[in-house]
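Asks: take a look and give me a structure for this.
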Amino acid sequence: MMSAVRRSARAGSPPTGRYRQRGINVEVEALIAGLCSALIALGFAFIVFGGMSVPIWTDWAWGEWSIGMVSVSAVVVLGTVAAGVGYWRSRRLVGQEWRLELPTWKFTLDAIVVAIVHTALGALATAVLLFVVQLAFRRLTIDPVSASIGCAVTTGLAAYMLYLAVSRLNTVSLSQRMFLFVGVGLLTAMATSTDPVWWRYQISVLGAFGNRPSISFNAILIVAGILVTTFALYVDRDIRNLHTARVIRYRGAAPLVSTLFIAMGVALAGIGMVPVNVSVTVHNVFAIGLSAIFGLLMLVSPIALRGMPLPFFLATLGGLVLLIGATWLFYGPSILPLTNYELIAFGVLFAWITMFVRFLAALLVSNAAELEARTQEQLQEAAGPAQQKRSRVSFKRATKAEEAARAAAPWPETVADSEPGRSRETETETETGSGPGTESGPGTESGTGTESGTGAASGTGNKPGTEPDTDAPGEAQPAEPSPRTVPLPDDLPPQPPLPNPHDTGLRR
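Replies: Next up is the predicted model:
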């Protein structure tokens, strides 16, 4: 319990100078990652090219190297390392501390999936860029030195951008990159398919040919499904924060919605793992299951996500009506081709998720102050019993220390003690006037006339210059009442002596 409270306090603590410095260091680390990747890619390309001139882009064939092939291969390896390290290092940045509360296995899976998806995006962007450059410079071959430098620049730039991309990741940016990854991957598979009329059948036929485009299509679906399960972590966190800020009414909304997202991710990955050429039945079960789970999510959202704005529910209702209508047109009168139905279903899915995460982000921003206040209250309530126990222990220790100090402390300092060289015994004898030759009675003059530092005059009859014989017997006089003692602080100087009311002021 206490470890969870400490993790929550650490995750919700305000940004300190160390965290702000950590944000600045991300830029430096990204630059170092890019430089290291560029140097490694430079050496790898120089070895692979072997002193031969190479084209910018060529088809993937063993033994036929090009700048594009080497660059994409280097981005896949070095970009994955850079993205993984950057995502792991960014868990203490402001806004990313919540990942410290995740279990180790969940954080590890999250980091691996995020690194793979961003690396895939980087590899696709690199391939498209170099393919377009080759179309601009047709039949051009480049010397090995220039080609190696080109590979180094491309790989270093990709690693630098991937490190920065994963360092400041949130729900909105992750959803955008997920849709970009799926969209670019599907378009690439469509453009490179060996069957130019694949659209007469269905989208799933793109992964049924067993060649490189089909393998890439199935791999994109598998990675996208895993990414959706990771995306559920971010959605769960945002909904819990909105419930803490009293925007989402029901506490069970976060686990329900995140569970449905995980089921959608499993179904999407199953579509890629079991193509139609392997098992039509199993493939259709995953495909229909994906549509059914998404429809269920849209149905329960008005209840589970109660507290969201009304336009969100109206848009959800519109998407649900569109999905039901497309399903009826496909299964009922059969006037809607399967490819069109799949495109409509994917379009509604991506559009709804985009709208959903945008509303979550807007609500979190508008309720940031309330969320922070409620989080602090929860942390104080969770740490209440332990804090009260520590307070009781501290109070007991302080009481014992005070009693020990009081027992060991000397008598309070008095005004009489402030004069150096005087003791309580001498003061008492002086006040009582004991000693030989003491004269008492009215009109009697004092022998010495010396005034005590305590305000009591010496009444001894000794001659001037002689010391009083305190050991000699003499007639004791009634003791005068001792003056009132006033404790003095240690930092104040001694007070001046007070006058003796019994001193007549006469001297012998």
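Asks: what does stretch 318-327 rub up against?
Replies: The contact list for stretch 318-327, computed with C-beta atoms under 8 Å, 6 or more residues apart in numbering, reads 291, 294-295, 298-299, 336, 340-341, 344-345, 348, 351-352. For every residue, glycine as well, the C-beta is placed using N, CA and C.
Asks: no, scratch that, I was asking about stretch 347-357
Replies: Outside stretch 347-357, the residues touching it (C-beta under 8 Å, 6+ apart) are 171-172, 175-176, 179, 182, 235, 238, 294, 298, 312, 315-316, 319, 322-323.
Asks: buried residues, that stretch. List them.
Replies: Val348, Leu349, Trp352, Ile353, Phe356, Val357 (16 or more other C-beta atoms under 10 Å).
Asks: next: stretch 189-201.
Replies: Ala189, Ser193, Trp198, Trp199.
Asks: please report phi then psi for the third one.
Replies: Comment: the main-chain dihedrals of Trp198 come out as phi -60, psi -30, following degrees, to the nearest 10.
Asks: on that earlier part again, and the contacts of stretch 347-357, which is closest to Ala45?
Replies: Nearest to Ala45 among the contacts of stretch 347-357, counting by C-beta to C-beta, is Val182 at 30.6 Å.
Asks: pretty sure that closest one is in contact with Ile220, am I right?
Replies: Yes - if you go by C-beta atoms under 8 Å, Val182 and Ile220 touch, sitting 6.6 Å apart.
Asks: quick check: neighbours shared by those two?
Replies: With C-beta under 8 Å, 6+ apart as the test, Val182 and Ile220 reach no residue in common.
Asks: dump the residue contacts of Gly51.
Replies: Taking C-beta under 8 Å, 6+ apart, one finds Pro144 in contact with Gly51.
Asks: ok, it to Arg92 distance?
Replies: According to C-beta to C-beta, to the nearest Å, Gly51 stands 47 Å off from Arg92.
Asks: which helix or strand contains Leu221?
Replies: helix 212-244 (DSSP states H and E).
Asks: try Ala115
Replies: Element membership for Ala115, per DSSP H and E: helix 104-136.
Asks: buried ones in that helix?
Replies: For helix 104-136, the buried set under the neighbour-count rule, 16+ other C-beta under 10 Å, comprises 107, 109-127, 129-130, 134.
Asks: next: stretch 142-160.
Replies: Using 16+ other C-beta under 10 Å as the test for burial, stretch 142-160 gives 142, 144, 147-152, 154-160.
Asks: stretch 310-325 now?
Replies: For stretch 310-325, by 16+ other C-beta under 10 Å, it's Phe312, Ala315, Thr316, Gly319, Leu320, Leu323.
Asks: now do stretch 272-282
Replies: Buried-residue list, stretch 272-282, by 16+ other C-beta under 10 Å: Gly272, Met273, Val274, Pro275, Val276.
Asks: could you dump it to PDB, C-alpha only?
Replies: Listed next in PDB are the C-alpha coordinates belonging to stretch 272-282 (Å, rounded to 0.1, in the frame of the first residue of the first chain):
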ATOM      1  CA  GLY A 272      -3.100 -10.800 -40.000                       C
ATOM      2  CA  MET A 273      -1.900 -14.100 -38.400                       C
ATOM      3  CA  VAL A 274      -4.600 -16.200 -40.100                       C
ATOM      4  CA  PRO A 275      -4.900 -15.000 -43.800                       C
ATOM      5  CA  VAL A 276      -7.800 -16.200 -45.900                       C
ATOM      6  CA  ASN A 277      -5.500 -18.700 -47.700                       C
ATOM      7  CA  VAL A 278      -4.800 -20.400 -44.400                       C
ATOM      8  CA  SER A 279      -8.300 -20.700 -43.000                       C
ATOM      9  CA  VAL A 280     -11.300 -18.800 -44.300                       C
ATOM     10  CA  THR A 281     -13.400 -19.600 -41.300                       C
ATOM     11  CA  VAL A 282     -10.900 -18.500 -38.600                       C
END
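Asks: ok, and what's touching it?
Replies: 202, 204-205, 207-210, 214, 217-222, 224-225, 270, 283, 286.
Asks: also stretch 219-226?
Replies: Residues contacting stretch 219-226 (C-beta under 8 Å, 6+ apart): 113, 116-117, 120, 178, 181-182, 185-186, 189, 207, 265-273.
Asks: recalculate using a threshold of 6 Å.
Replies: Residues outside stretch 219-226 that contact it (C-beta atoms under 6 Å, 6 or more residues apart in numbering): Val113, Val182, Gly185, Gly265, Leu268, Ala269, Ile271, Gly272, Met273.
Asks: check stretch 229-249 too.
Replies: Here stretch 229-249 has contacts from 98, 110, 113, 171, 174, 251, 253-254, 258, 261-262, 265, 306-307, 360, 363, 367, 370-371, 374, using C-beta under 6 Å, 6+ apart.
Asks: give me that answer again for 7 Å
Replies: 98, 110, 113-114, 171, 174-175, 178, 251, 253-254, 257-258, 261-262, 265-266, 305-307, 360, 363-364, 367, 370-371, 374-375 (C-beta atoms under 7 Å, 6 or more residues apart in numbering).
Asks: for Leu169, give its distance to Gly185.
Replies: According to C-beta to C-beta, Leu169 stands 20 Å off from Gly185.
Asks: please read the previous query as pertaining to Thr155.
Replies: Distance from Thr155 to Gly185, by C-beta to C-beta: 21 Å.
Asks: and the strands in the chain?
Replies: Using DSSP state E, the strands of the chain run over residues 54-55, 141-142.
Asks: who does the first one pair up with?
Replies: Counting by DSSP bridges, the strands paired with strand 54-55 are strand 141-142 (antiparallel).
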